[in-house]
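Student: Please find the sequence and the predicted model below.
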Amino acid sequence: MRRLFEISFLLIVVALASACGAVRPSKYYALDLPPAPPATANTHDAALLVGRLSAPHLYRDDRIVYRTGETQIGTYEYHRWAEPPTDMLESMLLRLLRGSGKYRTVQRLASNTQGDYIVRGRLYQLEESSSPSLAARVSFELELYEKKSGTVVWSHFYSHDEPVNGTEVPDVVQAFNRNVQRGLAEDTASLDQFFTSRPR
């Protein structure tokens, strides 16, 4: 009788474990690198260093963030970025600035790199928003720190809700792509204008 009970109990445990099913696989997404802009001659005699973007903890993780109300924020468990959003934005910014050919040099900021200016910034939001309609919300700010004077000489804030064409997470990621690329293009154009209008 006891043996029968043990076998029955084991069968129940196995049945419950199989009912739970296999673990859902995580899906990973990446923002597309923007196409390299048409290269121009060295328009601005400036060496740029692209520094780190700061961000709240949620945007330094790989989970995709969503907002369900004014103050409530959540993260998807099985939908993740291939790398933290701040890293992706830094790579995109570096590609745009370097590919433009407008600056003497463009490098990542490191302990042994030399440059005249540091481009740095802060990511405020990169989240799926459902109010009032489904959108990819992006807001960030970039600034230009002049090493010689020790001051910030330029800054630009970007914020926009990009409508999502669809209802699935890949549709949201496509909206993020459009939004981030638009924001970086706007910021780099503003930076170009700053150098163009600045007396040599």
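Tutor: Everything's here; your move. Predicted model, so just to flag it, every value in this text is computed and none were measured. Numbering: from 1, shown residues only.
Student: would you list every one of the strands in this structure?
Tutor: Per DSSP state E, the chain carries strands over the ranges 27-29, 44-54, 63-67, 73-81, 103-108, 117-129, 135-146, 151-163.
Student: What strands flank the shortest one, and is each parallel or antiparallel?
Tutor: Right, the one you point to is strand 27-29. If you go by DSSP bridges, strand 27-29 pairs up with strand 73-81 (parallel).
Student: Can I get the strand it pairs with in PDB? Just the C-alpha atoms.
Tutor: Extracted in PDB, the C-alpha atoms of strand 73-81 (Å, rounded to 0.1, in the frame of the first residue of the first chain):
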ATOM      1  CA  ILE A  73       6.400  51.200 -15.000                       C
ATOM      2  CA  GLY A  74       7.000  47.500 -15.700                       C
ATOM      3  CA  THR A  75       9.400  45.400 -17.700                       C
ATOM      4  CA  TYR A  76       8.900  42.500 -20.100                       C
ATOM      5  CA  GLU A  77      10.400  39.200 -18.800                       C
ATOM      6  CA  TYR A  78      10.800  37.500 -22.200                       C
ATOM      7  CA  HIS A  79      11.400  40.500 -24.500                       C
ATOM      8  CA  ARG A  80      14.800  42.000 -24.000                       C
ATOM      9  CA  TRP A  81      17.400  44.300 -25.700                       C
END
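Student: Let me know the angle separating that strand from strand 63-67.
Tutor: 150 degrees (axes from the mean of the first three to the mean of the last three CA atoms, to 10 degrees).
Student: quick one: average pLDDT of strand 73-81?
Tutor: Strand 73-81 shows a mean pLDDT of 91.
Student: Likewise for stretch 111-124?
Tutor: The model assigns stretch 111-124 a mean pLDDT of 93.
Student: what residues does that stretch touch?
Tutor: Residues outside stretch 111-124 that contact it (CB atoms under 8 Å, 6 or more residues apart in numbering) are 46-56, 59, 85-86, 89, 93, 97, 105, 107, 109, 139-148, 153, 159, 191. C-beta here means a position set from N, CA and C on the backbone, and glycine is covered the same way.
Student: circling back: with distance to Glu186 and mean neighbour count added, can I get the strands of the chain in JSON lines?
Tutor: Putting those into JSON lines (distance: least, CB to CB, whole Å; neighbours: other CB atoms under 10 Å) gives the following:
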{"stretch": "strand 27-29", "distance to Glu186": "23", "mean neighbour count": "15"}
{"stretch": "strand 44-54", "distance to Glu186": "16", "mean neighbour count": "19"}
{"stretch": "strand 63-67", "distance to Glu186": "22", "mean neighbour count": "19"}
{"stretch": "strand 73-81", "distance to Glu186": "22", "mean neighbour count": "15"}
{"stretch": "strand 103-108", "distance to Glu186": "18", "mean neighbour count": "16"}
{"stretch": "strand 117-129", "distance to Glu186": "13", "mean neighbour count": "21"}
{"stretch": "strand 135-146", "distance to Glu186": "10", "mean neighbour count": "20"}
{"stretch": "strand 151-163", "distance to Glu186": "6", "mean neighbour count": "15"}
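Student: Make TSV out of the ones you listed and add distance to Asp171.
Tutor: Converted to TSV, those look like this (distance: least, CB to CB, whole Å):
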stretch	distance to Asp171
strand 27-29	11
strand 44-54	25
strand 63-67	12
strand 73-81	12
strand 103-108	32
strand 117-129	10
strand 135-146	9
strand 151-163	10
